[in-house]
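>>> Next comes the sequence, and after it the predicted model I'd like to discuss.
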Amino acid sequence: MSIMTRREWLHCSVAAATVPLWGAARAADDPYADAVFADGPPPPTTPGAFTVAVLPDTQHYSEKYPANFTAQTQWILDEQKKRNIAAVLHLGDITNKNSTPEWVNARTSMSLLDGKVPYFFCPGNHDYGKGGGCADRTTGLSEYFPAAKYRKHATFGGTYDREPERMDNSYGFFSAGGREFLVLALEFGPRNDVVRWANGVLAKHRDHAVILITHAFVYNDSRRYDWAKYNTKQTWNPHNYPVAKSTMGDVNDGQELWDKLIAKHENVVMTLNGHVLGSGLGRLTERTPGGHEVPQMLVNFQMKPNGGDGWLRLLEFLPDRKTVNVVDFSPTRKQCNVSGGNKFSVTMG
């Protein structure tokens, strides 16, 4: 089987899709107003390709719909060999109210992957503070996802906080497609000293292709969060949360992370984030000062019914080392969403 072209990928499965809800027929509050559904599994993977699965904003699953969370991780486990799933990325807001029952549910679902599929995660604003209010950086993350557990795995790299060791900011490794990857997972609105640490991690691992995950980076206008330029025109910027006010503004948004971190290195190949409501979708590609193209994607499904209807994102990295085919799939609905915002290709490098 030959490598699927971009045109073939974008048109695959559309013939089986249900009729989209366009124009006057769609309700303003319809959570699937722009969806184009294709029944059945995602398109077959290309020979020589590998897949990275993405789990954004599981907060409502952890709070009210744990079976949907478990359905996602179980599907990943079941499809690992068939789709050559090399890693799983959780984009934060693991919980909704930073409560013990929610952390227990999240741990139960994610633990299905332990020792079987490498997974990486970052905390979101709802994982911080009393009731998930993000008034400070207290979180149950490291109690229920402890560094001591992950240090036992060869994929573990290190953490920013060492005494006591916390998983708020961490990095790890996976190998796929003949390449060595590093996943850099940063806290919601990373602090300045965390950015300093992250620069050291990237400089030390110049031979690795880096995927950056953090909860707030791209907004649903397909531009990076930029408090200095857009201020409150982009809602839910880290600068507008209580934790920023309590730390005299010691947070960084998407544009600041680009300027202070990504633009200084040529080994970042992609960024992913959740967090943003509305469409829950956005993407852009921009070149670093050295001319390296970096795709940046927002994906968030928490606004869908049942806490998100089980939707996850699949990234298929093709053997050409440049093209990544993207599609959103729900193991609970057993459907793909093949609309333009949910099924597309990006180019790295």
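Perfect, I can see it now.
>>> Following the chain past the least confident helix or strand in the chain by mean pLDDT, name the next helix or strand.
In the chain, no helix or strand scores lower on mean pLDDT, DSSP states H and E than helix 6-11, which sits at a mean of 54. Counting by DSSP states H and E, the element after helix 6-11 in chain order, helix or strand, is strand 37-39.
>>> Can you name every helix or strand that that following strand contacts?
strand 335-337 (3 or more CB pairs under 8 Å, 6 or more residues apart in numbering; DSSP states H and E). All C-beta atoms are positioned from the backbone trio N, CA, C, and that covers glycine.
>>> Please enumerate residues in contact with the strand it packs on?
Here strand 335-337 makes contact (CB atoms under 8 Å, 6 or more residues apart in numbering) with 13, 35-43, 311, 327-330, 342-343.
>>> what comes up buried for the very next helix or strand once past it?
If you walk from strand 335-337 toward the C-terminus, the next helix or strand you reach (DSSP H and E) is strand 343-347. Across strand 343-347, burial judged by 16 or more other CB atoms under 10 Å covers 343-346.
>>> Closest one of these to residue 198?
residue 346 (22.7 Å; CB to CB).
>>> Show me what that closest one bridges to in the sheet.
residue 324 (DSSP bridges).
>>> confidence score at residue 302?
On pLDDT, residue 302 comes in at 98.
>>> mind checking how far it is from residue 68?
Separation of residue 302 from residue 68 (CB to CB, to the nearest Å): 11 Å.
>>> what is in contact with those two at once?
Common contacts of residue 302 and residue 68 (CB under 8 Å, 6+ apart): residue 308.
>>> C-alpha coordinates for the helix or strand hosting residue 106, PDB please?
If you go by DSSP H and E, residue 106 is part of helix 100-110. Coordinates of each C-alpha in helix 100-110 appear next as PDB, following Å, rounded to 0.1, in the frame of the first residue of the first chain:
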ATOM      1  CA  THR A 100     -10.100  13.100  45.400                       C
ATOM      2  CA  PRO A 101     -12.900  11.200  43.700                       C
ATOM      3  CA  GLU A 102     -12.000  12.800  40.400                       C
ATOM      4  CA  TRP A 103      -8.300  12.000  40.700                       C
ATOM      5  CA  VAL A 104      -9.200   8.400  41.600                       C
ATOM      6  CA  ASN A 105     -11.300   8.100  38.500                       C
ATOM      7  CA  ALA A 106      -8.600   9.600  36.300                       C
ATOM      8  CA  ARG A 107      -5.900   7.300  37.800                       C
ATOM      9  CA  THR A 108      -8.200   4.300  37.200                       C
ATOM     10  CA  SER A 109      -8.600   5.200  33.500                       C
ATOM     11  CA  MET A 110      -5.000   6.200  32.700                       C
END
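>>> what does the average pLDDT come to for the very next helix or strand once past that helix?
For helix 100-110, the following helix or strand on the C-terminal side (DSSP H and E) is strand 119-121. The pLDDT scores in strand 119-121 average 99.
>>> partners of strand 119-121, with directions?
Short version: by DSSP bridges, strand 119-121 pairs with strand 85-90 (parallel).
>>> Give me the contact list for the partner strand.
The contact list for strand 85-90 (CB under 8 Å, 6+ apart) reads 50-56, 58, 73, 76, 79, 110, 113, 117-122, 174-177, 181, 183, 211, 213, 272.
>>> Now do the same for it: mean pLDDT, whole number.
The model assigns strand 85-90 a mean pLDDT of 99.
>>> coming back round to it: let me have the buried residues of strand 343-347 in CSV, adding distance to residue 163 and pLDDT as columns.
Below are the buried residues of strand 343-347 laid out as CSV (distance: CB to CB, whole Å; pLDDT from 0 to 100):
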residue, distance to residue 163, pLDDT
343, 45, 98
344, 44, 98
345, 44, 98
346, 39, 98
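>>> Just name the closest of the residues you listed to residue 150, please.
residue 346 (28.7 Å).
>>> Next, find the distance separating the closest one from residue 321.
Residue 346 is 13 Å from residue 321, by CB to CB.
>>> Kindly report the same for residue 307.
36 Å.
>>> Compare the two (neighbour count), which wins?
residue 307 (23 against 14; other CB atoms under 10 Å).
>>> got the phi/psi numbers for that one?
Note on residue 307: its backbone torsions stand at phi 80, psi 0 [degrees, to the nearest 10].
>>> how about stretch 92-102: buried residues?
By neighbour count on 16+ other CB under 10 Å, the buried set for stretch 92-102 is 92-99, 102.
>>> and which of those residues is nearest residue 134?
Minimum distance to residue 134 across the buried residues of stretch 92-102 is 8.9 Å, recorded for residue 98 (CB to CB).
>>> Quick check: that closest one touching residue 126?
Yes. Using CB atoms under 8 Å, residue 98 is in contact with residue 126, at 6.7 Å.
>>> got any residues that touch both of these two?
Joint contacts of residue 98 and residue 126 (CB under 8 Å, 6+ apart) are residue 132.
>>> Could you list the buried residues of stretch 311-320?
For stretch 311-320, using 16+ other CB under 10 Å, the buried residues are 311-318.
>>> As JSON lines, those with distance to residue 292, pLDDT and secondary structure would be great.
Shown next, in JSON lines, are the buried residues of stretch 311-320 (distance: CB to CB, whole Å; pLDDT from 0 to 100; DSSP: H, G, I helix; E, B strand; the rest coil):
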{"residue": "311", "distance to residue 292": "30", "pLDDT": "98", "secondary structure": "coil"}
{"residue": "312", "distance to residue 292": "28", "pLDDT": "98", "secondary structure": "strand"}
{"residue": "313", "distance to residue 292": "23", "pLDDT": "99", "secondary structure": "strand"}
{"residue": "314", "distance to residue 292": "24", "pLDDT": "99", "secondary structure": "strand"}
{"residue": "315", "distance to residue 292": "18", "pLDDT": "99", "secondary structure": "strand"}
{"residue": "316", "distance to residue 292": "21", "pLDDT": "98", "secondary structure": "strand"}
{"residue": "317", "distance to residue 292": "16", "pLDDT": "98", "secondary structure": "strand"}
{"residue": "318", "distance to residue 292": "18", "pLDDT": "98", "secondary structure": "coil"}
